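Need coordinates for the below:
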Amino acid sequence: MTVPVTTGFSWWLRDAWLLAGRNVRRILRAPHLLVMYALIQPVMFILLFAYVFGGAIPVPGGNYVQYLLPAVFVMIVLFTSTGAVGVGIAEDMERGVMDRFRSLPMTRSSVLLGRLLSEMLRNLLSIVVMVACGLVVGFRFHAHPGRILLGFGLLLLLGFAFSWVAAYIGLLAGSVEAAQGMGMVWVFPFVFVSSAFVPTASMPDWLRAYADHSPVTVMIDTLRAWFTGRDAGSAAVQALAWAIGLTLVFMTLSVARFRRTSR
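Residues are numbered from 1 along each chain as shown. Predicted structure coming up:
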């Protein structure tokens, strides 16, 4: 029999925080996954693009490392957010863990929110590793520390938004294998059809029309501007709008889907 859900904002936050702690402990008990997502993958992408493609692609300003690192920050945060969240939720559904959560007096949304909050900690670790590696290969910040922190805060917010997209996919998938396939098939083109690694001016007009305003492009353009002490213009506003919009839409869809599976 399902226990009645305890209501109230403070209880909702407490439930989410407790479940976030549970998920963090699971991550720490699987250090190989933490090393892969937070350490090896960021370093691999930075070294690969900096030294393999760095001398072959002309970019504004001529310094490919300065052009590259903000793109890698965005790419790794999105890969980590979408890959780990969707698979983790699908695994909990498949193993019956979600059924046990549904028998407890907690709100449905806090179950999902707890998972997403724990993944933000992994994103924070990835960012620290990427900054350290970037400094080694020649990347430099040329801005006030407050502007740099604001940029990373906006990046985490966008990662949080995409985590809700992944949560919805994980709830739809039905199995871990399906979640793995569904979670990555859309992320790669989503990231690469942007200003991440080449200027969008090199793309066909019909593709550039999308690439110039995609959430990935506006986030990358914002970081490139803020990390070099320039004004990001409308890109920052668009990035914030994308983050809020995606969060509201896919949070609503995910919670509704989770409630339907609870019946």
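
who's in contact with stretch 183-203?
Outside stretch 183-203, the residues that touch it by Cβ atoms under 8 Å, 6 or more residues apart in numbering are 49, 53, 57, 59-60, 68, 71, 74-75, 78-79, 82-83, 86-87, 166, 169-170, 173, 207-208, 210-212, 214, 216-217, 220-221. In this view, the C-beta of every residue, glycine as well, is placed from N, C-alpha and C.

typo on my end, it should be stretch 90-99
89, 111, 170-171, 173-176, 178-179, 258, 261.

tell me the two of those that are most distant?
The distance between the two most remote of those (Cβ to Cβ) is 20.2 Å, for 111 and 178.

Apart from its neighbours in sequence, what residue is nearest residue 258?
Leaving out its chain neighbours, the residue that sits closest to residue 258 by Cβ to Cβ, 6 or more residues apart in numbering is residue 108, at 5.1 Å.

meant to ask about residue 253
Of all residues not flanking residue 253 in the chain, residue 168 sits nearest, at 5.1 Å (Cβ to Cβ, 6+ apart).

swap in residue 228?
residue 142 (4.9 Å).

and residue 168, what pLDDT?
pLDDT recorded at residue 168 is 89.

Quick check: which element contains it?
Counting by DSSP states H and E, the element that carries residue 168 is helix 145-173.

And that helix, what does it pack against?
Helix 145-173 is packed against helix 64-94, helix 108-137, helix 176-185, helix 215-227, helix 234-261, with contacts defined by 3 or more Cβ pairs under 8 Å, 6 or more residues apart in numbering; DSSP states H and E.

Please tell me how far residue 163 sits from residue 118.
Separation of residue 163 from residue 118 (Cβ to Cβ, to the nearest Å) stands at 10 Å.

higher neighbour count, these two?
Neighbour comparison, residue 163 and residue 118: the larger count goes to residue 163, with 32 against 23 (by other Cβ atoms under 10 Å).

of residue 111 and residue 178, who's got more company?
Neighbours per residue (other Cβ under 10 Å) separate residue 111 from residue 178, with residue 111 holding more: 22 against 17.

pretty sure that one is in contact with residue 22, am I right?
No - counting by Cβ atoms under 8 Å, residue 22 is not a contact partner of residue 111; they are 10.3 Å apart.

Thank you kindly, that will do.
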